[in-house]
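Trainee: Everything below, folded, please.
(one chain, ligands or ions: 1)
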Amino acid sequence: MNSYGIRGMIEDHNIRILACDSKDIVTYAQKIHDTFPTATAALGRVMSISALMAMDIKESDEKIQVQIDGHGPIGQIFVEAKSSGDIKGYVSDPSIYLKYNDSNKLAVGLAVGTDGYLKVSRFSGLTEPFSSQVALQTGEIGDDFAYYFAMSEQVPSLVSVGVLVDVDHTPKAAGALIAELLPGHTEEDIEYLEAIQKKMRPISSLLSEGLTIEEIVKMYFSDVKILKRQELRYHCDCNEERFLRGLMTLKKEDLDEILEDEEIVIKCEFCDKIYRFKKDDIIAYQSHVQDR
Ligand SMILES: [Zn+2]
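Mentor: Next up is the predicted model:
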């Protein structure tokens, strides 16, 4: 089944819900990057929440980028999500497999670290990119995004995100849910959301039991009205031109150094596709750009 997200409203409690089943995109990312379980969980959690945040933007050419760096062994996590439902991402070190000794759970917080930040940049075709960032709280991703929504966007939210990894390292289930209180919410609405947060079981466990994301949302928010459903997919839109353009932004001495080799090989970090450029290709592109 393809990954998809839904958006809904609970009008009586001034709550908006975004939720997704992201198993398919996490599976794709695990396969192309060959991530080990803790790296799969960390990247999968960030991709799942980023996909929901991107569902919220209106223009079709808009996108968000999420960057997390907590100085843990995994290094940096980078994810881009478009309002069209296209998601891509990577981690610096995919070969991380750490568990907490006491619970035997994947130690995402240890892998990510807490000495760093979570940064969200929003791009629209019309205006300058807008970025905001917060300090990482636990590195467990869900907590860090909840803190981000509270601090940067001033919205109290419930964030649930999880990736369950099977013994053969493939994702067994993945999903995320964000419930946000809307402007005008009351003290009662806050209590309502807190009560649900207390009884909510991990979203990845519920999905692995065979429940759909709609069923999970309705189980906790019985009077939800679902307003939108959107397909999500792992998709990288890289091409030759993009990498050539990237080379042109290098300092002259760096580019000259690259040009000492007859051929340069660049790997796309998002989809692992290999691009090979001959020295002549780069020189030709350089003069083509200068002509314009
Ligand atoms: Zn690519």
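
Trainee: For the most centrally placed residue in the chain, pull up the helix or strand it's in.
Mentor: Residue closest to the average C-alpha location in the chain (C-alpha atoms, centre = their mean): Met47, at 2.3 Å. Using DSSP states H and E, Met47 maps to helix 37-55.

Trainee: about what we covered before: now do the residue nearest to the centre of the chain, the pLDDT please.
Mentor: We have a pLDDT of 98 for Met47.

Trainee: Pro202 now?
Mentor: 95.

Trainee: That one reaches Val161, doesn't it?
Mentor: No: using C-beta atoms under 8 Å, Pro202 makes no contact with Val161, being 9.2 Å away. C-beta coordinates here come from the backbone N, C-alpha and C atoms, glycine included.

Trainee: Who has more neighbours out of those two?
Mentor: Neighbour comparison, Pro202 and Val161: the larger count goes to Val161, with 29 against 16 (by other C-beta atoms under 10 Å).

Trainee: Once you drop chain neighbours, what's closest to that one?
Mentor: In this structure, Val161 finds its nearest non-sequential neighbour in Ala176, 4.1 Å apart by C-beta to C-beta, 6 or more residues apart in numbering.

Trainee: Check the spacing between the one you found and Ser3 real quick.
Mentor: Relative to Ser3, Ala176 is positioned 11 Å away (C-beta to C-beta, to the nearest Å).

Trainee: joint contacts of these two?
Mentor: Cys20, Ser22, Ala51 (C-beta atoms under 8 Å, 6 or more residues apart in numbering).

Trainee: all helices for the stretch 101-250 of the chain, in order.
Mentor: Remark: helices assigned in the stretch 101-250 of the chain by DSSP state H, counting those that start in this stretch are 108-112, 142-151, 187-199, 203-208, 213-220, 240-248.

Trainee: Any chance of CSV for those, columns mean neighbour count?
Mentor: Output for these, formatted as CSV (neighbours: other C-beta atoms under 10 Å):
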stretch, mean neighbour count
helix 108-112, 26
helix 142-151, 21
helix 187-199, 13
helix 203-208, 22
helix 213-220, 18
helix 240-248, 14
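
Trainee: so which of the ones you listed gets nearest the ion?
Mentor: With C-beta to the ion as the measure, helix 240-248 is the member of the helices of the stretch 101-250 of the chain nearest the ion (8.6 Å).

Trainee: same for the closest one, what does it pack against?
Mentor: Helix 240-248 sits against helix 252-258, strand 274-278, helix 279-291, with contacts defined as 3 or more C-beta pairs under 8 Å, 6 or more residues apart in numbering; DSSP states H and E.

Trainee: Nearest approach to His71 belongs to which of the ones you listed?
Mentor: His71 lies closest to helix 252-258 among the helices and strands packed on helix 240-248, at 26.3 Å (C-beta to C-beta).
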